[in-house]
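Asker: 3D model of this:
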Amino acid sequence: GTLVLQDAASVLGIAVLEALGGDGGIAVSVLVLFGKLLATMLVCFLLERFVLNRMFAMFARSLELLYLGALGYATGLAAIAVTAGFSGEITAFLAGVSLSRLPYKMHIETKMEPIKSLGVAIFFISLGLRLELGSEMVDALPIGFGLALFTLFATMPLFAALGVPAG
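Answerer: Down below sits the predicted model:
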């Protein structure tokens, strides 16, 4: 749960920074970004609610079909998002979240585990490389470094205070 929240916060932060680097007003860019994000979340929710259970019930006959179905779902939604002008990486992340609510999630996770670490690294590298260092981004760097340092030094003491075991 904690890692998913950290990933979601990172995705949201990078998406906002990406919107700040675009043309037009900052407020308009951020509002458009959140509109696209909410629309993507709604699509993933509706697919999970009405389509995925039936579709993956058919795929459950074979572990390979579950694996291919999960990859096809995530990459298909990402391709549609890129065509619609939204981030494919963020959409693939949201597609993965919607897959995690399926009753077959353990089987899917078992098959996806070998590529998960590589995928996470590529995900954050590709998002970071797409950022344009405009004047707003340069002005925000001290805040970003401050948040990174806070996260680095505050996470473990916070978990210890809450009684969450390390590791």
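
Asker: so where do the helices sit in this structure?
Answerer: 2-20, 26-47, 53-59, 63-83, 88-99, 105-129, 135-162 (DSSP state H).

Asker: So which bits of the second one are buried?
Answerer: Residues of helix 26-47 classed as buried: 29, 33, 36-37, 40, 43-44, 47 (neighbour count, 16 or more other Cβ atoms under 10 Å). Placement of C-beta: from N, CA and C, glycine included.

Asker: Then the fourth one?
Answerer: Burial within helix 63-83, assessed by neighbour count using 16+ other Cβ under 10 Å, is assigned to 66-67, 69-70, 73-74, 77-78, 81.

Asker: Just the CA trace of that helix, in PDB.
Answerer: Taking C-alpha atoms only, helix 63-83 is exported to PDB below (Å, rounded to 0.1, in the frame of the first residue of the first chain):
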ATOM      1  CA  LEU A  63      -1.600 -18.200 -16.900                       C
ATOM      2  CA  GLU A  64      -0.200 -17.200 -20.200                       C
ATOM      3  CA  LEU A  65      -3.500 -15.700 -21.300                       C
ATOM      4  CA  LEU A  66      -3.700 -13.800 -18.000                       C
ATOM      5  CA  TYR A  67      -0.200 -12.400 -18.700                       C
ATOM      6  CA  LEU A  68      -0.900 -11.500 -22.300                       C
ATOM      7  CA  GLY A  69      -4.300 -10.000 -21.300                       C
ATOM      8  CA  ALA A  70      -2.800  -7.800 -18.600                       C
ATOM      9  CA  LEU A  71       0.000  -6.600 -20.900                       C
ATOM     10  CA  GLY A  72      -2.500  -6.000 -23.700                       C
ATOM     11  CA  TYR A  73      -4.900  -4.100 -21.500                       C
ATOM     12  CA  ALA A  74      -2.200  -1.800 -20.000                       C
ATOM     13  CA  THR A  75      -0.400  -1.100 -23.300                       C
ATOM     14  CA  GLY A  76      -3.700  -0.700 -25.200                       C
ATOM     15  CA  LEU A  77      -5.000   1.900 -22.800                       C
ATOM     16  CA  ALA A  78      -1.600   3.600 -22.900                       C
ATOM     17  CA  ALA A  79      -1.700   3.800 -26.700                       C
ATOM     18  CA  ILE A  80      -5.200   5.200 -26.600                       C
ATOM     19  CA  ALA A  81      -4.100   7.800 -24.000                       C
ATOM     20  CA  VAL A  82      -1.200   8.900 -26.100                       C
ATOM     21  CA  THR A  83      -3.500   9.200 -29.100                       C
END
